[in-house]
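1. this one's sequence-less:
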């Protein structure tokens, strides 16, 4: 089962927040994270993990449908490194 934003809002309402306040708080948090990542900053959540932006250079690729070679352009990707605390809890 996938945890959705709606599920997170529902869990936050169990703490006494209204559904609107919980939804707004979650949206604000996600916007802050997106803005930080967009600016190239890492987002560290202690006990959970770290989101980082990495630069990927140009590279050769292949179109799987046609088999033709092509050059993939430079891009930025987001990576996630799990904290040891979370890793231990999962295992």
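-> Now that the structure is in, tell me what you want to look at. Keep in mind that what you see is a predicted model, and the values were worked out from it rather than measured. Residues are numbered from 1 along each chain as shown.

2. which of the residues in stretch 22-36 are buried?
-> 22, 23 (16 or more other C-beta atoms under 10 Å). For the C-beta atoms, the positions are set from N, CA and C on the backbone; glycine is no exception.

3. got a list of contacts for that stretch?
-> With contact meaning C-beta atoms under 8 Å, 6 or more residues apart in numbering, stretch 22-36 is reached by 5, 8, 9, 12, 13, 17, 42, 43, 51.

4. so what are the domain limits for the protein?
-> Listed domain ranges for the chain are 1-39, 42-91 (source: automatic domain parsing).

5. can you redo those domains as JSON lines with mean pLDDT?
-> As requested, those are arranged in JSON lines below (pLDDT from 0 to 100):
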{"stretch": "domain 1-39", "mean pLDDT": "95"}
{"stretch": "domain 42-91", "mean pLDDT": "95"}
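
6. Could you tell me which of the contacts of stretch 22-36 are located in strands?
-> Mapping these onto strands (DSSP state E) picks out 43, 51.

7. Thanks again, I'm all set now.
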